[in-house]
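Participant: Test case, fold it:
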Amino acid sequence: MDDIPISAMIGALIILLVLSAFFSGSETGLMTLNRYRLRHRAKEGNRGAQFAESLLSRPDRLLGLILFGNNLVNIAASVLAGVIAMRLYGAGALAWVPFALTPVVLIFAEVLPKTFAALHPERVAIPSAYVYYPLLRVFGWLIWLINLVANTLLRLFGVSPEKVAENPLSSEELRTVVMEAGTLIPKSHKDMLLRILELEEASVEDIMVPRNEIVGIDLDDELSIIREQLENSQHTRLLVYEETVDNVIGILHLRKVFSASSRELLTKEGLRELVQEPYFIPEATPLHKQLMSFQENQRRIGLVVDEYGDIQGLVTLEDILEEIVGEFTTDPLSGSRDITPEAEGSFLVSGSVAIRTLNRALEWDLPTDGPKTLNGLILETLETIPPPSTSVRVEGYPMEVVQSSRNTIKVVRVRPRESTDENDATETGDFTD
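Facilitator: The predicted structure follows:
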């Protein structure tokens, strides 16, 4: 060592510190790398991303290699710094080497590279994968020996390094990813993605057309009335029943009616032959499952039944698609669910409007875990059918009954929430006649 020039030793020390910075920064970069973006780049054919994905499939081996290299260069740097101190200032200078070397290593070989790697993981991880991939092949036997000891100790604590957790994203986590995508995803696409995720939280009961709003053909009516319904219908499919919806016969496609015979030759028996067998859906069926069921059964419309088999409403494929892309039709089959803004900032809302629809249209957060319609929400709050001009505050939202009948609320005037105080919980007594 006495024959080596001081300048060469100082140069070697700098190289060791650079290597230490590389190991520290690459470790942070690889471990903080977005695995989903990495997988995407690997599938696109990026060689560095493929190397990085392969390395991260066994993090115990990768960490063993990085830590082996990092500790090797750090220890070598300490020894070399001690030799330099002795050559320059004598043996007494050895005591000061740790105090002089620690801030240098801490700043330039730890904090600085790790901070940069944490901010720009891909710029560090992808290039470093080109270095680690061949190194792991060369020193694999040594890393295997190191990991054998370490993994044996881990197994004592019930940890199996061979089983790397995939850590799949939950629906809530995926929703957060979509919302924080920024300008990478257009707002319209982002809204659709969020609505797709919300399908798991809703059932057909939430979006069905209520029983009392189902439009259909009663075969007990006069044939002239039935013909008039067919001529003026705004739907392509109609429910066919006898006397009441409970005695349903099937679903009639108008195209079959007009292609089978002329209107003059149309008979009730002929209609019976043209109807398609009804398709029943349990009211608790999640929307995403029902969407798949419509596809598998090649259906577009179904009758929603409760646990007793009684028909509660009707749901169509278009209703579910509108939950994803938003309303794209004015088909009256969806029922009268108007939301009309007024000049003073309030809204006139049909009592039959779904709470989910109201929340989405006005960006409110009325409770959806109870009644499914605004009429049901107010009735549950008041526990009576209120007359017109009755006012109530639900979850902080002022509501006034504008029009009601003996058994239902038809029109409600609603206003935005006035405050966000805790007192804005549902107030069942805050109403006047």
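Participant: Quickly note the distance from residue 239 to residue 222.
Facilitator: Using C-beta to C-beta, to the nearest Å, residue 239 is found at 18 Å from residue 222. (Glycine included, C-beta is placed from N, CA and C.)
Participant: Give me the more crowded residue out of these two.
Facilitator: Higher neighbour count among residue 239 and residue 222: residue 239, with 23 against 9, using other C-beta atoms under 10 Å.
Participant: and the more buried one, what element?
Facilitator: Under the criterion of DSSP states H and E, residue 239 resides in strand 237-242.
Participant: Output that strand in PDB with nothing but the alpha carbons.
Facilitator: Taking Å, rounded to 0.1, in the frame of the first residue of the first chain, the C-alpha atoms of strand 237-242 are listed here in PDB:
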ATOM      1  CA  ARG A 237     -90.300  -4.100 -26.400                       C
ATOM      2  CA  LEU A 238     -93.500  -4.200 -24.300                       C
ATOM      3  CA  LEU A 239     -94.600  -6.400 -21.500                       C
ATOM      4  CA  VAL A 240     -97.700  -8.500 -22.200                       C
ATOM      5  CA  TYR A 241    -100.000  -9.500 -19.300                       C
ATOM      6  CA  GLU A 242    -103.500 -10.300 -18.400                       C
END
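Participant: Run the chain-centre distance for it.
Facilitator: 38 Å (C-alpha atoms, centre = their mean, to the nearest Å).
Participant: Show the subsequent helix or strand relative to that strand.
Facilitator: In N-to-C order, the element after strand 237-242 by DSSP H and E is strand 244-253.
Participant: what's the burial count for the residue lying closest to residue 277 once chain neighbours are set aside?
Facilitator: Using C-beta to C-beta, 6 or more residues apart in numbering and skipping residues adjacent in sequence, the residue nearest residue 277 is residue 250, 5.4 Å away. By the measure other C-beta under 10 Å, the count of residues near residue 250 is 15.
Participant: residue ranges with poor pLDDT in the stretch 51-200 of the chain?
Facilitator: 160-169, 182 (pLDDT under 70).
Participant: change it to 80
Facilitator: Along the stretch 51-200 of the chain, the model assigns pLDDT under 80 to residues 60, 90, 92, 147, 151, 154, 158-184, 187-188.
Participant: Can you tell me how far residue 286 is from residue 198?
Facilitator: Counting by C-beta to C-beta, the gap from residue 286 to residue 198 is 11 Å.
Participant: With residue 14 instead?
Facilitator: In terms of C-beta to C-beta, residue 14 sits 57 Å off from residue 198.
Participant: Those two: which is more packed in?
Facilitator: residue 198 (17 against 12).
Participant: Once you drop chain neighbours, what's closest to the spatially most central residue of the chain?
Facilitator: Against the mean C-alpha coordinate of the chain, by C-alpha atoms, centre = their mean, the closest residue is residue 175 at 3.1 Å. Sequence neighbours aside, residue 197 is the residue nearest to residue 175 in space, at 5.3 Å (criterion: C-beta to C-beta, 6+ apart).
Participant: pretty sure that neighbour belongs to a helix, no?
Facilitator: Yes: Residue 197: assigned to a helix according to DSSP: H, G, I helix; E, B strand; the rest coil.
Participant: That one - how many residues pack around it?
Facilitator: Counted with other C-beta under 10 Å, residue 197 comes out at 15.
Participant: Also residue 29?
Facilitator: Residue 29 has 26 nearby residues by other C-beta under 10 Å.
Participant: Wait, it touches residue 117, no?
Facilitator: Yes: if you go by C-beta atoms under 8 Å, residue 29 and residue 117 touch, sitting 3.8 Å apart.
Participant: okay, and the common contacts of these two?
Facilitator: Both residue 29 and residue 117 are contacted by 124, 125, under the criterion C-beta atoms under 8 Å, 6 or more residues apart in numbering.
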